[in-house]
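> heads up, no residue letters with this:
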């Protein structure tokens, strides 16, 4: 983090969704989960599908067993429609089933059951 991150500029107002989930409390599984989300290991079909449904940016953060996902979308983005479409794209179901071994949830849980939407309660208000 000492080098910072490049923040994508979308050239348009965006909606932001933030979700959270817990991973299994197993350091080896968490290390593998982290590795599977690296640029080299994340499946190209998954990244392509995320973009294809209209998501502009997706980031996942990790602290201990807690993961937080930040998703930026255009203002006209409909979450439910996009997630239903995403579920039909190549390898998406396979990815979900594979990721379930790392996640602290039922093996057959849907994405909506795993990922809990968070409410924004603070930002740097402009006076």
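Sure thing, it's come through. Predicted model, so just to flag it, every value in this text is computed and none were measured.
> please enumerate the strands of this protein.
Secondary structure of the chain (DSSP state E): strands at 14-22, 57-63, 66-74, 116-117.
> so the third one versus strand 57-63, what angle?
In this case it means strand 66-74. Counting by axes from the mean of the first three to the mean of the last three C-alpha atoms, to 10 degrees, strand 66-74 points 170 degrees away from the direction of strand 57-63.
> how far does strand 66-74 sit from its chain's centre?
A distance of 5 Å separates the centroid of the chain from that of strand 66-74, by C-alpha atoms, centre = their mean, to the nearest Å.
> coming back round to it: of the strands of the chain, which approaches residue 107 most closely?
Distances from residue 107 to each of those were compared using C-beta to C-beta; the shortest belongs to strand 14-22, at 14.1 Å. The C-beta positions use only the backbone N, C-alpha and C, and glycine is treated the same way.
> avg pLDDT for the closest one?
Taken as a whole, strand 14-22 has a mean pLDDT of 97.
> quick one: residue 38 and residue 19, what's the gap?
Separation of residue 38 from residue 19 (C-beta to C-beta, to the nearest Å) stands at 20 Å.
> neighbour count: these two, which is higher?
Under the neighbour definition other C-beta atoms under 10 Å, residue 38 and residue 19 were set side by side, and residue 19 has more, 17 against 8.
> correct me, but the more buried one touches residue 118?
Yes: applying C-beta atoms under 8 Å as the test, residue 19 and residue 118 come out as touching, 6.3 Å apart.
> spell out which residues are contacts of both of the two.
residue 68 (C-beta atoms under 8 Å, 6 or more residues apart in numbering).
> which residues belonging to the lowest-mean-pLDDT helix or strand in the chain are considered buried?
Every helix and strand of the chain was ranked by mean pLDDT, DSSP states H and E. The lowest is helix 111-114, at a mean of 86. Applying a neighbour-count criterion of 16 or more other C-beta atoms under 10 Å, one finds residue 114 buried in helix 111-114.
> likewise stretch 17-33?
Burial within stretch 17-33, assessed by neighbour count using 16+ other C-beta under 10 Å, is assigned to 17, 18, 19, 21, 23, 29, 30, 33.
> what of stretch 90-106?
If you call a residue buried by 16+ other C-beta under 10 Å, then stretch 90-106 has these buried ones: 92, 95, 96, 99, 102, 103, 105.
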